[in-house]
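**Q** Task: produce atomic coordinates for the following.
(2 chains)
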Amino acid sequence: MVSTALFFLFAGFAIMCAISMVYHKNPLYSAISLVGVFISLACIYLTLAAPFIAIVQILVYAGAIMVLVVFVIMLLNLDDEPNTSRLKYLYALGGGLGIVLLAQTLFVVYAVSRTPNQAIDPNATVGNTLDIGRAMYTDYLLPVEIVGVMLLMAIVGSVVLARRLSQPQLELVIDKEEERISEEINS
Amino acid sequence: MEPNLATYLGLSGILFTIGCVGVVFKRNALGMFMCIELMLNAVNLTFVAFSRYYADVHGQLFVFMVMSVAAAEAAVGLGIFIAFFRNRQSIDVDTASILKN
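**A** Residues are numbered from 1 along each chain as shown, chains lettered A, B, ... in the order given. Reported below is the predicted structural model:
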């Protein structure tokens, strides 16, 4: 009974935060609303008996990713979005897309609720860290290794993308470019 | 009313719809990025719900993979935003029109 009440409380909170994220023009308000969505989703994972995923959700999403987003907002010193008129058909497209997706959601809920109710095995412990770790390092060893390599590539890539060339390096690049252009003109 | 599989799928679908509409409506690259994160989270909720109702650990493994990809995407995407802002003094996606015409 308590878990039911908690589920609906956090579901409502998640939906309200999601709407406020799309509604707000200021990126910082959007980011704070998104943290609300992440935390309420973590609580919903707890009602689904998945403590490991709930903790990773808070650590990775609410902790790491949102701190990165807020840091970028601070670094770029963003203002509110200007209210210029965007192409009208994009709004029509967005509204149409929303209606289609909502209709699909209703259809899925209807279809699933017509099937006989799946009984939950109360002794199932699939969400425990032990079970997840065992599956991760036996059946899923190669994907986990690939994820490690991918994260390393992401670190290197973001450093390469975001770095600023120092003055001598910049001059070198400009000199090379000028040489190339003059050669093209001469040939 | 006890929450069942259909309830979780409904919540996930609503969150995904909000995220998808937000990607189209937002003009700010950071806002679009946050909407994409919201959509990824909606899909994660589906995975965890199915994993609970079928007592299968593989759904939660998949959630773990999705989170890793989201973290890598955040790092690279925000690096791109910084580089973009340095060249354009704005992260409005409508200013990225150098390939137009």
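**Q** got a list of what B:L78 touches?
**A** When contacts are counted by CB atoms under 8 Å, 6 or more residues apart in numbering or on different chains, B:L78 touches A:L68, A:V69, A:V72, A:S158, A:A162, B:F33. For glycine as for every other residue, the C-beta is placed from the backbone atoms N, C-alpha and C.
**Q** Which helix or strand contains the first one?
**A** Following DSSP states H and E, one finds A:L68 within helix A:66-76.
**Q** likewise the fourth one?
**A** Assigned by DSSP H and E, A:S158 belongs to helix A:141-162.
**Q** near chain B, anything from that helix?
**A** Yes - shown here: helix A:141-162 in contact with chain B (CB under 8 Å from any CB of the partner chain) through A:143, A:147, A:150-151, A:153-155, A:157-162.
**Q** residue closest to the middle of chain A?
**A** By CA atoms, centre = their mean, the mean C-alpha position of chain A lies nearest to A:Y61, the distance being 7.2 Å.
**Q** nearest spatial neighbour of that one, skipping sequence neighbours?
**A** Once flanking residues are discounted, A:Y61 sits nearest to A:F38: 4.4 Å by CB to CB, 6 or more residues apart in numbering or on different chains.
**Q** cool, A:V160 as well?
**A** Using CB to CB, 6+ apart, the nearest residue to A:V160 is B:G79, at 7.8 Å.
**Q** Would you agree A:R134 falls within a helix?
**A** Yes - applying DSSP: H, G, I helix; E, B strand; the rest coil, one finds A:R134 inside a helix.
**Q** In contact with it, which residues are there?
**A** By CB under 8 Å, 6+ apart, A:R134 has no neighbours at all.
**Q** Near the residue nearest to A:Y61, how many residues? Count them for me, please.
**A** 22 (other CB atoms under 10 Å in any protein chain shown).
**Q** at contact distance from chain B, anything in the helix holding A:L68?
**A** Yes - judged by CB under 8 Å from any CB, helix A:66-76 and chain B are in contact via A:L68, A:V69, A:V72, A:I73, A:L75, A:L76.
**Q** List only those of those flagged as buried.
**A** Buried members of the residues of helix A:66-76 next to chain B, scored by 16 or more other CB atoms under 10 Å in any protein chain shown, are A:L68, A:V69, A:V72, A:I73, A:L76.
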